[in-house]
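*Asks:* Predicted model follows, preceded by the sequence.
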Amino acid sequence: KITLTLFATILIICGLIYQTQFSSINTQTAESKNFANKPIVFVRPILSVGEIEKSTSLALTESLISNLSQYNGITSLSSSTSFAAEKKGFSDTQLKDELNVNYSISGSIQSFGSNTRLYLELTDLKAQEVIWSHKEDFRLENMFDVQDKIGREILEKLQISAVVGSGANTWQKDFKTFDQFLLAINARGEWRKWTKEGLSNAIDITSKLAELEIDRYVLADLTMWNLHQKVILGLSEQPEIDRSEILKLTNMLVSERGRDLDYRARAVFELEHFGKDCSRAAELISKIKDMSANADNFLVSGFVNNRCKNFAKSAESFRQALLLEPMDQGYQVTRLYTAILYTLNRYDELKSLIEPKLPDPELGGMTFWFYAGVLAEEGNLQKAQEYYELGVRYGATENFLMHMLNTEEAEGRLLNNLATFMDK
């Protein structure tokens, strides 16, 4: 009896251990699907080779995950998921298909006397290729410095390859330290959410950067974009004063720094806040030296062409922006592109664009309304009502219809398609 009781107890304990370990995998799988526009990164436990203690490799694994979690442009799966998936023997294919992982990090650490060698590689699971590898020789007492250095290098590669695109290389040069740059790209990620909370977070990060005495042109750039969104979202208590500050900052940047990003900013503000002169905006866009150098160039070109009713050109610019920017952080391009596709009656393209991302709340309420309008016009009223209600939940309002669709015909078509749900 004692033997049977002991055996049963062992089975129960093993079952609890299994459930604890692998429920974290299931939880991460469910959570990861809520971040369709953020690359998901999985850190495999670093292998210990030779004389190195296992505790050192475990600490290194935890440190890498912690460093990655500082960047809001990616989703880093937890260490509990890392160890559980490794114990279960997940292949790269399983990571990609079952945990929705985009990039994996793997490596080893080994010691030879007083010398230690760390080898790491970053793999793009979709492309099935190693996109970065690094070998570092160091003394074990310098482990903390090496951890920070390697973490920064991986983040640099990820934010260029997976999130911001190649334009990040130029922007990074404006900062004294990588930590300052990381704060700035986190501010960018919050800003691109186009929500009250996201803007508040972006403003807070900008204030921290001001305290760190960053480049004055970079600070001016961040500040004027925050003011711009504050006015557009209707959160400004003194919109005319804020517009005056935007004008002062953007004119200063154009005249003193004169980069592509300064011209494109001035073009946006011309159409949103000032003379609304399409000729002036087009002139500013024409000053951009290389449109293909940056996804944001195409983003602003798409915006300008939309405002000036060149809708086909606008749609093409947004398409090019998505090709250049690996992940559409905050879905900023996707939201604008969806509106143009609705205006142009290009419903099949609209559905192909957003259906793989549904029902991610970060798409924004208006995107759900455009999709609901398409479904309603196709006769799928039950599903259309579902996405109409999601749109309401995530902030859709009639006040933004003309701002995004830019024609009375498209606005009327959408309101007619949604009328059944709006009347309830």
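*Replies:* Received it, and whenever you're ready, just let me know what you need.

*Asks:* part of a strand, is residue 134?
*Replies:* Yes - Residue 134: assigned to a strand according to DSSP: H, G, I helix; E, B strand; the rest coil.

*Asks:* Which parts of the stretch 51-200 of the chain are helices?
*Replies:* Taking DSSP state H, counting those that start in this stretch as the test, the helices found in the stretch 51-200 of the chain are 54-68, 79-88, 92-98, 143-158, 168-172, 178-191, 196-211.

*Asks:* if we compare those helices, which one ends up closest to residue 114?
*Replies:* helix 143-158 (12.8 Å; C-beta to C-beta). Just so you know, the C-beta spots here come from the backbone N, C-alpha and C atoms, and that holds for glycine as well.

*Asks:* And that closest one, what's buried?
*Replies:* Residues of helix 143-158 classed as buried: 143, 146, 147, 150, 151, 152, 153, 154, 155, 156, 158 (neighbour count, 16 or more other C-beta atoms under 10 Å).

*Asks:* Just want the angle from that helix to helix 54-68.
*Replies:* 40 degrees (axes from the mean of the first three to the mean of the last three C-alpha atoms, to 10 degrees).

*Asks:* which secondary structure elements does helix 143-158 contact?
*Replies:* helix 54-68, strand 115-124, strand 129-139, helix 178-191 (3 or more C-beta pairs under 8 Å, 6 or more residues apart in numbering; DSSP states H and E).

*Asks:* which other residues reach the third one?
*Replies:* Spelled out, it's strand 129-139. The contact list for strand 129-139 (C-beta atoms under 8 Å, 6 or more residues apart in numbering) reads 114-124, 145-146, 149-150, 153-154, 157, 161.

*Asks:* mind redoing it with 6 Å?
*Replies:* Strand 129-139 is contacted by residues 116, 117, 118, 119, 120, 121, 122, 123, 124, 146, 157, 161 when judged by C-beta atoms under 6 Å, 6 or more residues apart in numbering.

*Asks:* And for the longest one?
*Replies:* By C-beta under 6 Å, 6+ apart, the list of residues contacting helix 54-68 from outside reads 41, 43, 45, 46, 48, 76, 79, 109, 147, 151.

*Asks:* Nearest to residue 338 among these?
*Replies:* The closest of the contacts of helix 54-68, once distances to residue 338 are taken by C-beta to C-beta, is residue 41, at 27.1 Å.

*Asks:* Specify the beta-bridge partners of the closest one.
*Replies:* residue 76, residue 103 (DSSP bridges).

*Asks:* so what's it up against?
*Replies:* Residue 41 touches 68, 74, 76, 103, counting by C-beta under 6 Å, 6+ apart.

*Asks:* Could you report the pLDDT at it?
*Replies:* If you check residue 41, the pLDDT there is 91.

*Asks:* Residue 161 now?
*Replies:* According to the prediction, residue 161 has pLDDT 61.

*Asks:* ok, back up a step: quick one: which of the contacts of helix 54-68 is most hemmed in?
*Replies:* residue 43 (28 neighbours; other C-beta atoms under 10 Å).

*Asks:* Would you check that that residue makes contact with residue 80?
*Replies:* No - using C-beta atoms under 6 Å, residue 43 is not in contact with residue 80; the gap is 11.8 Å.

*Asks:* so residue 370, which of the three states?
*Replies:* With three-state DSSP as the criterion, residue 370 reads helix.

*Asks:* burial of it, as a residue count?
*Replies:* 29.

*Asks:* Tell me which helix or strand the residue lying closest to it once chain neighbours are set aside sits in.
*Replies:* The spatial neighbour of residue 370 that comes closest, neighbours along the chain excluded (C-beta to C-beta, 6 or more residues apart in numbering), is residue 342 at 4.5 Å. Assessed by DSSP states H and E, residue 342 sits inside helix 332-343.

*Asks:* now do the same end-to-end measure for stretch 305-319.
*Replies:* 13 Å (C-alpha to C-alpha, to the nearest Å).

*Asks:* picking up where we left off before, I'd like the helices and strands packed on helix 143-158 written out as TSV, with distance to residue 389 added.
*Replies:* Below are the helices and strands packed on helix 143-158 laid out as TSV (distance: least, C-beta to C-beta, whole Å):
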stretch	distance to residue 389
helix 54-68	35
strand 115-124	37
strand 129-139	41
helix 178-191	27
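
*Asks:* Deepest in the core, which of the ones you listed is it.
*Replies:* Across the helices and strands packed on helix 143-158, averaging neighbours per residue (mean count of other C-beta atoms under 10 Å) puts helix 178-191 on top, at a mean of 21.

*Asks:* helices and strands around the helix holding residue 342, which ones?
*Replies:* Applying 3 or more C-beta pairs under 6 Å, 6 or more residues apart in numbering; DSSP states H and E, one finds that helix 332-343 contacts helix 311-324, helix 347-354, helix 365-377, helix 401-405.

*Asks:* one more time with 8 Å, if that's ok
*Replies:* Secondary elements touching helix 332-343 (3+ C-beta pairs under 8 Å, 6+ apart): helix 295-307, helix 311-324, helix 347-354, helix 365-377, helix 401-405, helix 408-422.

*Asks:* measure residue 85 to residue 106 for me?
*Replies:* 12 Å (C-beta to C-beta, to the nearest Å).

*Asks:* Out of the two, name the residue with the larger neighbour count.
*Replies:* The neighbour count for residue 85 versus residue 106, taken as other C-beta under 10 Å, is higher for residue 85 (25 against 18).

*Asks:* Show the contacting residues for that one.
*Replies:* Counted by C-beta under 8 Å, 6+ apart, residue 85 has contacts 25, 42, 94, 95, 99.

*Asks:* Over to residue 92?
*Replies:* 104, 123, 125, 128 are the contacts of residue 92 under C-beta under 8 Å, 6+ apart.

*Asks:* which one of these is nearest residue 233?
*Replies:* The closest of these, once distances to residue 233 are taken by C-beta to C-beta, is residue 125, at 36.9 Å.
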